[in-house]
Every structure is written in structure tokens, then in C-alpha cells.
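Visitor: coords below, sequence missing:
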């Protein structure tokens, strides 16, 4: 089960494929009910983010059969407090979009609570649209005693907003399942202003920055910690010796420990004499303990190297901080709304096992590419995507757009046109490639998932290829092409390069794609589909946390 991507509704996947108390950490960044449509931006042939985009999901919820069913399931669950709360919310809010969102989230949060181990934790990332309602749901499901933090992440530097303060932050609710939850103290870099103010001493000969730390603590104690050392008595100022514990000295809070420090060159002596100070080097610092207001991790702008074009993508460093703090190596991490896979990437990088779920095939194919780019040779399973003609037929019948996106991904092309009626202009996918003298060309992909195929489909593709000044057209067909279709495609001629000649119009069936057969495209540049994730070096761990 570990290291697996699931295409499908996360509620179904949780119930059917995730065992109770099997997950160590859940991070979820669900749609916020922002009433917005989110588009994925794709990389163009120049390598820059292009205007080409496709609607990934519609972040709008409506009360209907699905919301009513989710509401009923919560009421029938053993989580009586959650049921009573949701009933009260419905009485207050009515049957509207917000209530639909809360019902859909509530039934999923019940399942996430079920799959978490007693030592597990959950991070729910949201914005102010419905965060106050989600907090109540989390209190009811996880118990208010297990609320640990409301983390504030500054996601943008500024935002112009009429008649109110600029909204620049997201909220992350952090809950544990019990008091025995895993916790590893996370650290954040020391702010530059702190370095300038406190680490303003430079050691002669090494140029190492250090600050001067007190070697005493308040209160007079009997025994060696109050004994004078080299004529200096800490008790004269109502204090006792207190040596930093992280040094691991054999002698603790004793004059002998001070001798060890002095022999190691770790004491700073004032020029005019007096109490020595401990040299705390900047390059030895682990940073400062991370706080619940995160301002040291910047959001991703469109030019960021890790930006993959997904609308709600979060910085890898943000997920690394959460995963490091609330799990250990080998633990199992779950993201039920995995989007472009930042949680999955961070888990793999930090040596954790992982499960990702998303309801769009576009997201799953993007994550597959991201993982293979960042971790060459990585092994993982993908569930829910068609593995044979029968499952391909089922997907085509259930959702033609998901079917088209999946079929297009098989030939390394990117989707085109989105879900708007008539937006594709006869094009379902586009693939850039380079031919003679690195000239950029494009191949257009058309997907036909029905049983009724005919020569008109080929003629339409020829027309679209000519109209778009494309080099090649590829028709992916669920059904076998007729001989008339094959003759029409052959009559379109060849696309020629100095190296090879390939048919200008190519017909390929899904059966052939399952067999590993692919269209003949000269010198495919697969990087022109999604932006390429940077390769991770297994021998280097970046600045953690």
C-alpha cells in the first residue's frame, strides 16, 4: 500500500483501500470553497510558463444529492458530537454552498481520523473562507484537547483589498489523535536581524561569528556549581555555574567543566577581566525553534524553480517542516487532496512512505512525472487509472474529460482546451518536439472514446492540423479504425526531417498503447509538457526546517 497514488474520490479510496490506524501523518489542502475555477498552466516550447492552460477543478460546491448523502452518513456515524454539530450548522446556515462544503469535508475528516494511528497527527491547510467552521468540525472529531496549533503562514507579501486589511495568510490547523503523538522539534533559520544584533563577535584566526552566552543561572546552590573558579565566584552575584547542556561535557556545572571549555577555546574573556562568557558559534546553531507564525518560508511565484504550474502549489520547504516535526523516517504519510504532489515529494525526500489521492487524472499524471524527474528510478504504484480496455471503457463512460486527460498523458502530451464546450477546437492534447536545427514543432492529439468511428474523424484532424500549422496529428481511438480511415490518413502524406520520415496523420488505438506502442514523433521533448522537477540528490539534505 505504501508509495502509491490513487486516482479517484478520496472518500471511496479511504474506505476501500486505507486500513484503520495505518497512517502516521495526514496533510490535506482541500479546496476552500472560494467559488473560483483553478487552471493549470503548462510550459510552452520555450521552457517558460505559457498562456496555455486547462481547468483543473472548479472550487465551487452546491447542495445536492452528494451533500445530502454525506450529511446523513455523518449523522449515522458513531461520532455523535460531530453529528450534533453538523446538524446545528445546517440549522444555522441552511442548505447552501457552504453547508455542502462542510458536509463533504466532515464525512472525509471522520475517515481521516479513523486511518490515523494513535501517535498520528493531522494538518489541515485552509484560508478564512470557512476556517472557523472547519475548526469546529475538527474539535468535534479529534476532541478540542487534541488541538495543538493554529499555524499562520504568510503566503504573499501584500494584497490590495478594498475597505479592509490585505488578506495575506493561510491557516493550518494542527491536531493530534492522542497525547502520544510524534513530535520532533522543528527549527527555523535565525533571522538576519538577530545575527546582526547578537552574533556580532568575530573570532580572531577563524573569522567565526559567535555570541556571548552567560555561563551562570539565577540562584545560589550548594555544591560544586557554587564553587569559585580562578578567583571568580558566581554566588557573589546570587548565581551558580550553568554550563550549556548540549555540549555533552563529562563534568556538568562545575569548575572542571569550565576548565574543559577554556582548553577548547570556547570561553570569551572580557578585556578588563570579570566573568567569562561562552562562545556560541553561529555555524553550530540549529536555528530557533519554529513558531506558529511562519514568515521565513516564502510562497512560490511563477518564476520559482519548483513551480510546476498547479494553482494551489505550496513550497516544498513548508511540507518538509510539517513532515519532519510530526513523523519519523519510514512512517506513512497521507495526502488525500494531493494536487501536484508537494506532500508526496517532501515525504519521499525525507525518507517516509506515502500515499496520495486526487480526483483528477491531470494531477496524478503530473505527480508521476514530478517523482520520476526528482527521484530517478523511483518505484511506486498507481491505482484507479485504466490498466486495460475494459477499465478504459468504464472511465470514458463515467467522465470523458478525465478519459481524454488520461489518454493524452500516455503519449507524453499535455491536455488542451479544458471543459468548456467548444474550447478545444478539435484538439485534446498538444506535444512539442524539435526537428532539424532544433526547430520547434508541434503534434496535435485527438482522443475518440466511442464505438462509432469513421473517416470524418480523420478528415477533421487533417483540417485542424492544417489550421494550426502543426506538423503531425495523432488520433487516439478506443475502437479499431476502418480501412477507409487508414487510407485517408495515409493520403495526408509524410512529415520529413533529415533523419526520418513519419506519417503526418497517425492513428493509434488504446490497445496498442497498452502494448507499449507509441506514435512516431521525431525527437520528443517531454519537458515541454509539465515543468520538470529538479532532481533530488540523495546524499544532500537541504536546509531543514
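Guide: Sure thing, it's come through. Computed from a predicted model, the values in this text were never measured in an experiment.

Visitor: any idea how far residue 211 is from residue 220?
Guide: In this view, residue 211 and residue 220 are 26 Å apart by Cβ to Cβ, to the nearest Å. Backbone N, C-alpha and C define where each C-beta goes, glycine included.

Visitor: Mind checking which of those two has more residues around it?
Guide: Between residue 211 and residue 220, counted using other Cβ atoms under 10 Å, residue 211 has the larger neighbour count: 19 against 13.

Visitor: quick one, what contacts the more buried one?
Guide: 198, 199, 200, 201, 280, 282 (Cβ atoms under 8 Å, 6 or more residues apart in numbering).

Visitor: That one: what secondary structure?
Guide: Assigned state for residue 211: strand (three-state reduction, DSSP: H, G, I helix; E, B strand; the rest coil).

Visitor: Tell me how far it lies from residue 384.
Guide: 54 Å.

Visitor: got any ranges where the stretch 251-400 of the chain has weak pLDDT?
Guide: Scanning the stretch 251-400 of the chain with the threshold set as pLDDT under 70 gives 251, 302-305, 308-311.

Visitor: again, only this time at 80
Guide: 251-253, 272-273, 301-312 (pLDDT under 80).

Visitor: Show me where it has its helices.
Guide: Ranges of helices in the stretch 251-400 of the chain, per DSSP state H, counting those that start in this stretch, are 255-263, 316-326, 342-349, 361-374, 389-398, 400-410.

Visitor: need the strands for the stretch 151-300 of the chain, in chain order.
Guide: Listed in chain order, the strands of the stretch 151-300 of the chain (DSSP state E, counting those that start in this stretch) span 169-176, 187-188, 201-202, 209-213, 216-218, 239-241, 267-268, 277-281, 288-289, 293-294.

Visitor: With distance to residue 501 as added columns, please give these in JSON lines.
Guide: Putting those into JSON lines (distance: least, Cβ to Cβ, whole Å) gives the following:
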{"stretch": "strand 169-176", "distance to residue 501": "54"}
{"stretch": "strand 187-188", "distance to residue 501": "59"}
{"stretch": "strand 201-202", "distance to residue 501": "69"}
{"stretch": "strand 209-213", "distance to residue 501": "66"}
{"stretch": "strand 216-218", "distance to residue 501": "83"}
{"stretch": "strand 239-241", "distance to residue 501": "85"}
{"stretch": "strand 267-268", "distance to residue 501": "77"}
{"stretch": "strand 277-281", "distance to residue 501": "67"}
{"stretch": "strand 288-289", "distance to residue 501": "64"}
{"stretch": "strand 293-294", "distance to residue 501": "57"}
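
Visitor: Quickly note the distance from residue 396 to residue 342.
Guide: 30 Å.

Visitor: the more surrounded of those two?
Guide: residue 342 (27 against 21).

Visitor: for the more buried one, what are its contacts?
Guide: 313, 314, 315, 316, 318, 319.

Visitor: what about stretch 72-87, start to end distance?
Guide: Length of stretch 72-87, first residue to last, Cα to Cα, to the nearest Å: 10 Å.

Visitor: Return the set of buried residues in it.
Guide: 73, 74, 75, 77, 79, 82, 83, 85, 86 (16 or more other Cβ atoms under 10 Å).

Visitor: Make a markdown table from those and add secondary structure, distance to residue 118 and pLDDT to it.
Guide: A markdown table is the format used below for these (DSSP: H, G, I helix; E, B strand; the rest coil; distance: Cβ to Cβ, whole Å; pLDDT from 0 to 100):
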| residue | secondary structure | distance to residue 118 | pLDDT |
| --- | --- | --- | --- |
| 73 | helix | 24 | 96 |
| 74 | helix | 23 | 96 |
| 75 | helix | 26 | 96 |
| 77 | coil | 19 | 95 |
| 79 | coil | 17 | 95 |
| 82 | helix | 19 | 96 |
| 83 | helix | 23 | 97 |
| 85 | helix | 23 | 97 |
| 86 | helix | 25 | 96 |
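
Visitor: ok, the residues you listed vs residue 66, which is closest?
Guide: residue 73 (10.7 Å; Cβ to Cβ).

Visitor: For PyMOL, write a command that selects the buried ones of the contacts of residue 211.
Guide: To isolate the buried members of the contacts of residue 211 in PyMOL, using 16+ other Cβ under 10 Å:
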select buried, resi 198+199+201+280
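
Visitor: Between its first and last residues, what's the separation in stretch 386-403?
Guide: 9 Å.

Visitor: oh, I was asking about stretch 501-520
Guide: 9 Å.

Visitor: Pull out the buried positions in it.
Guide: Applying 16+ other Cβ under 10 Å to stretch 501-520 flags 502, 503, 504, 505, 506, 507, 508, 509, 510, 513, 519 as buried.

Visitor: Which one of the residues you listed is nearest to residue 486?
Guide: For the buried residues of stretch 501-520, the nearest to residue 486 is residue 507 (6.6 Å; Cβ to Cβ).

Visitor: per-residue pLDDT, the closest one?
Guide: Listed pLDDT for residue 507 reads 96.

Visitor: ok, now residue 545?
Guide: At residue 545, pLDDT is 36.

Visitor: ok, back up a step: please identify which of the strands of the stretch 151-300 of the chain is closest to residue 357.
Guide: strand 169-176 (19.2 Å).

Visitor: Show me what that closest one is in contact with.
Guide: 120-128, 131, 134-135, 138, 142, 146-155, 322, 326.

Visitor: residues touching residue 121, list them.
Guide: Per Cβ under 8 Å, 6+ apart, neighbours of residue 121: 25, 26, 148, 174, 175, 176, 177, 181, 182, 326.

Visitor: And those, which is closest to residue 379?
Guide: residue 25 (21.5 Å).

Visitor: Helix or strand: which one has that closest one?
Guide: strand 23-28 (DSSP states H and E).

Visitor: re earlier: return the subset of the contacts of strand 169-176 lying in strands.
Guide: 120-126, 147-154 (DSSP state E).

Visitor: which of the residues you listed are buried?
Guide: By 16+ other Cβ under 10 Å, those give 120, 121, 122, 123, 124, 125, 126, 148, 151, 152, 153 as buried.

Visitor: okay if I get the residues you listed as a markdown table plus pLDDT?
Guide: Shown next, in a markdown table, are those (pLDDT from 0 to 100):
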| residue | pLDDT |
| --- | --- |
| 120 | 98 |
| 121 | 98 |
| 122 | 98 |
| 123 | 98 |
| 124 | 98 |
| 125 | 96 |
| 126 | 91 |
| 148 | 98 |
| 151 | 97 |
| 152 | 96 |
| 153 | 95 |
